[in-house]
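Colleague: I would like to see how this sequence folds:
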Amino acid sequence: MDQRTRLSILLGFLAVLVLAIVIGVESLTAGTLVGVFGCLVVLSIGWWSGRRGRHTAWAEASARIAPGRALVLWKPGCVYCERLLLSLGRDPRVTWVNVWQDEQANARVRELNGGDELTPTVIIGDEVLRNPTADEIRALL
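Modeller: As a prediction, the model looks like this:
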């Protein structure tokens, strides 16, 4: 988890604390509920945004582009990327590149998709697949 994420979580907890105290002055029960629920929300958002997942730098990953090997350009929070990651498991023929962690990968995914940050984008040899299923990828591998 990077420093910005930690700072955001800390500020979120402080905001919840202040809100819980302000509401708790009028009603202790309501203040407690706001505090507990608010902390759960801050923790959930912090966990979700702090996830990093698998990542190989573009410079290394791009050298692996070949028939029989898949390079997946993905980003955290993308439901389709998560589904693909769960479906493909730890297949050694698949390399994962987080486009939010790598500027070169982000530029490449936008180049392949007309300027859009469309994920997952999968490169297998000369083939480019946009939002493919795991079965489509396996068929090409």
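Colleague: The residue nearest to Pro132 when sequence neighbours are not counted: what secondary structure?
Modeller: For Pro132, the nearest residue in space outside its immediate sequence neighbours is Val122; the separation is 5.5 Å by C-beta to C-beta, 6 or more residues apart in numbering. Just so you know, the C-beta spots here come from the backbone N, C-alpha and C atoms, and that holds for glycine as well. Using DSSP: H, G, I helix; E, B strand; the rest coil, the structure places Val122 in strand.
Colleague: Name all residues that make contact with Val122.
Modeller: Contacts for Val122 were tallied using C-beta atoms under 8 Å, 6 or more residues apart in numbering; they are Ala70, Leu71, Val72, Leu73, Val128, Leu129, Arg130, Pro132, Ile137.
Colleague: Go through those residues and name the one nearest Arg108.
Modeller: Distance from Arg108 was checked for each of the contacts of Val122 by C-beta to C-beta. The minimum falls on Leu73, at 6.9 Å.
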